[in-house]
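1. coords below, sequence missing:
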Ligand SMILES: Nc1nc2c(c(=O)[nH]1)N[C@H]1C(S)=C(S)[C@@H](COP(=O)(O)O)O[C@H]1N2
Ligand SMILES: [Mo]
C-alpha cells in the first residue's frame, strides 16, 4: 500500500444512485424471488438524492446495516486497490474490464469434512444472497459505505464442516498473469493471500461477496468472489478467490509478509494504533456529498463494529491486533 496523493474526484461525484434505486424498484414490482431475500435485508435509501428518497418506498435496514450516506456505485467501482490489475486507484477499472469472471471454481482443502473443487454457485448459493450496507476502511485512511451482496462466510464455512482441529481459514486469489497483467510484475508475492481465525470467520459479519448495489460484482471490485470483513482494514477483503483452506496454524498473509512492521494478520481497525507512517485516528470518507478532500471524520474502534466483535479479542494486546 504505497501512499499516493488521491486523484481528483470531480467527475465521479455525479452518481448513478438513482439508476440503482429504479432497478431495485423494478425488480421488486416484478416480484423476483431472489430479490425478495435481498430487499428483506434492507436497502435504505439514505444515500439518494433527497427528492427521490422521499418518493421511494423504504425497506427496513438490517441489524448490521449502516444508514450513513453511501458511496456511489461509480466511486466504489473506479477507485480501487487491486494490484493484480495495476497499482493506481484508477487502474483496476480500466485493466480488468475484459476479465472473464465465469466460469469459476473454488478449491476447498485442509481440515474439513467437505473438500474438493466447487463450482462458485454451489459454494456461494445465489438463493442465500443478502444485502449488507457496510463501512469499508482502507488502511490508507480513506473509507466508503457500500451495499454489498453476498452470503455470510459463516454459512459457507458451516456447510463445509471444518474439523475441530481447524483454527484458521486461508484464502487465495487467482494466480494467472495472462488474465491479471499486474502479476507480470513482482509488486507482491503472488498470489495474494489472506486469512482469518476461525472464530472471526464464524462471526455473522464477514461476507463472501458476489455483488454490490444490486448488481453483479464489478471486475475491479474482485469479481466473481471476494471477502468483506467490515471491522478490519480493507486489505483483508481478498478479491477473486479461488482457494479456501482450513488450517491449524496462522497462515502467511500478503501484506504482513511484505511489511510485518506495518501490516498485521489481525488488522482490526483501531484509531489508537497508528500506522508507522501515518495516523489512523481519522479517515477521508468517499460518499454521497463527500469527497476525499472533505474534512476528515473520526475513525471508530473496530470500524464501528465493536459491539459485534470486540469480544473476539479479549485479553489480546491491541497492538498485535493491527
Ligand atoms: N487480490 C487482491 N485483493 C485485494 C487487494 C489486492 O490488491 N489484490 N487490495 C485490497 C485492499 S488494500 C483494499 S482497500 C480492498 C479494496 O476493495 P475495493 O477496490 O472493492 O474498494 O481490496 C483488498 N483486496
Ligand atoms: Mo486497502
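-> Received, thanks. The structure presented is a predicted model; accordingly, all values stated were derived computationally and were not measured. Ligands and ions are numbered 1, 2, ... in the order given.

2. going forward, measure contacts between C-alpha atoms and count neighbours the same way
-> OK.

3. any idea what sits nearest the one residue in the chain that gets nearest to ligand 2, other than its immediate chain neighbours?
-> With Cα to the ion, the shortest gap between the chain and ligand 2 falls at residue 138, namely 3.9 Å. Nearest non-adjacent residue to residue 138, counting by Cα to Cα, 6 or more residues apart in numbering: residue 234, 4.5 Å away.

4. tell me the pLDDT at that neighbour?
-> Note on residue 234: pLDDT of 98.

5. Quick check on it: phi, psi?
-> Main-chain dihedrals, residue 234, degrees, to the nearest 10: phi -50, psi -30.

6. Spell out the residue ranges of the strands in the stretch 1-150 of the chain.
-> 105-110, 116-119, 130-137, 142-152 (DSSP state E, counting those that start in this stretch).

7. Now those in TSV, please, with extra columns for distance to residue 67 and mean pLDDT.
-> Shown next, in TSV, are these (distance: least, Cα to Cα, whole Å; pLDDT from 0 to 100):
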stretch	distance to residue 67	mean pLDDT
strand 105-110	33	99
strand 116-119	34	98
strand 130-137	8	98
strand 142-152	9	98
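
8. wait, which of the ones you listed is closest to residue 286?
-> Within the strands of the stretch 1-150 of the chain, the stretch nearest residue 286 is strand 142-152; the backing value is 5.2 Å (Cα to Cα).

9. Could you spell out the sheet neighbours of that closest one, each with its direction?
-> When pairing is defined by DSSP bridges, strand 142-152 lines up against strand 130-137 (antiparallel), strand 207-212 (antiparallel), strand 282-285 (parallel).

10. Turn the ones you listed into JSON lines, including mean neighbour count.
-> Converted to JSON lines, these look like this (neighbours: other Cα atoms under 10 Å):
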{"stretch": "strand 130-137", "mean neighbour count": "26"}
{"stretch": "strand 207-212", "mean neighbour count": "25"}
{"stretch": "strand 282-285", "mean neighbour count": "23"}
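
11. mind putting those strands in CSV, distance to ligand 1 included?
-> Converted to CSV, the strands paired with strand 142-152 look like this (distance: least, Cα to the nearest ligand atom, whole Å):
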stretch, distance to ligand 1
strand 130-137, 7
strand 207-212, 10
strand 282-285, 12
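
12. ok so, going back, so can I have CSV of the strands of the stretch 1-150 of the chain showing distance to residue 281?
-> Below are the strands of the stretch 1-150 of the chain laid out as CSV (distance: least, Cα to Cα, whole Å):
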stretch, distance to residue 281
strand 105-110, 37
strand 116-119, 41
strand 130-137, 12
strand 142-152, 11
